[in-house]
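> Structural data only, the sequence is not supplied:
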């Protein structure tokens, strides 16, 4: 499969860090005076960082890429020094990728590479994790495996994750793996009083506005990754009855056509008063 990934020209990079806050996935960090792509697992190829590099050191390359392989990433990361390796491992932990984190530790052990994980990386503090609002978080379990019940007023929240907006979500986030995806127009939750209890419960969530959001081709690419790589089980598309909302369902259909796997897709159309006026499997 082809993937779009950030490419950094270290000779041109002057370490100004202007690109860091604009990396929505938190994949870029300043280490040893240069921008580093800490993990291509979290690079969505949007290129939000490109226009903020005054030296033109960042570009997007599209190339054939195998499914993510932590050992191959570590082979590259290990050549960039201890600070980069520590940052990469911390990045995996921050995004809940414990399986990949353990694979990275195994690689270090097998190759007799010693790093001091108890020592903080010697890197400049320039918003190293990107925008805090886009940090991947799961809300559904405690460390002991028990369900977390988050209450807002008298209504229980069924939200299991963060972020939820399509431009911010990482399609490879752990909460998408083997899940049932609810793809909702962002007006839907405001019109439906029972959105959480009836429709969101037990599902992963992504929201978008097919009329106002820019760069919607990225949404399709992310949906394809959710289908093929995160292996979601089903997609439920919830849209409003207004004509512009139909674009969200079309995105899901295009993604399904491009994906190698096939998953069931349900369409739910909601009235302006929050009533379901149409529900069908595609």
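Yep, that arrived. Nothing here was measured: the structure is a model prediction, and the numbers come from that model.
> Nearest residue to the middle of the protein?
The centre of the chain sits closest to residue 170, judged by CA atoms, centre = their mean, with a distance of 0.7 Å.
> which element is it on?
For residue 170, there is no helix or strand it lies in under DSSP states H and E.
> gap between it and residue 162?
Separation of residue 170 from residue 162 (CB to CB, to the nearest Å) stands at 11 Å. All C-beta atoms are positioned from the backbone trio N, CA, C, and that covers glycine.
> Repeat that for residue 103.
Residue 103 is 25 Å from residue 162, by CB to CB.
> and if you look at residue 109?
On the measure of CB to CB, residue 109 and residue 162 end up 33 Å apart.
> between those two, which one's more packed in?
residue 162 (18 against 10; other CB atoms under 10 Å).
> quick one, strands of the stretch 151-282 of the chain?
155-157, 161-162, 180-185, 204-208, 234-240, 265-270, 276-281 (DSSP state E, counting those that start in this stretch).
> I'd like to know which of those strands is closest to residue 61.
Counting by CB to CB, residue 61 lies closest to strand 204-208 out of the strands of the stretch 151-282 of the chain; the figure is 26.2 Å.
> what helices or strands is that closest one leaning on?
strand 180-185 (3 or more CB pairs under 8 Å, 6 or more residues apart in numbering; DSSP states H and E).
> The strand it packs on - which strands sit beside it in the sheet, and in what orientation?
Strand pairing for strand 180-185, determined by DSSP bridges: strand 204-208 (parallel), strand 234-240 (parallel).
> Show me what that strand is in contact with.
199-200, 202-210, 223, 226, 232-240, 245, 248, 252 (CB atoms under 8 Å, 6 or more residues apart in numbering).
> Next, the angle strand 265-270 makes with that strand.
Put simply, strand 180-185 runs at 40 degrees to strand 265-270, going by axes from the mean of the first three to the mean of the last three CA atoms, to 10 degrees.
> Show me how far strand 180-185 is from its chain's centre.
Chain-centre distance of strand 180-185: 15 Å, with CA atoms, centre = their mean, to the nearest Å.
> got the buried residues for that strand?
For strand 180-185, the neighbour count (16 or more other CB atoms under 10 Å) marks 181-185 as buried.
> Which of the residues you listed sits closest to residue 217?
Of the buried residues of strand 180-185, the one sitting nearest to residue 217 (CB to CB) turns out to be residue 183, at 15.7 Å.
> Just the pLDDT at the closest one, thanks.
Reading off the confidence values, residue 183 has pLDDT 98.
> Quick check: bridge partners of it?
Per DSSP bridges, the residues bridged to residue 183 are residue 206, residue 237.
> hang on, the earlier thing: can you say which of the contacts of strand 180-185 are buried?
Those of the contacts of strand 180-185 that meet the buried threshold are 199-200, 203-210, 223, 226, 232, 235-240, 245, 248, 252, by 16+ other CB under 10 Å.
> All good on my end, thank you.
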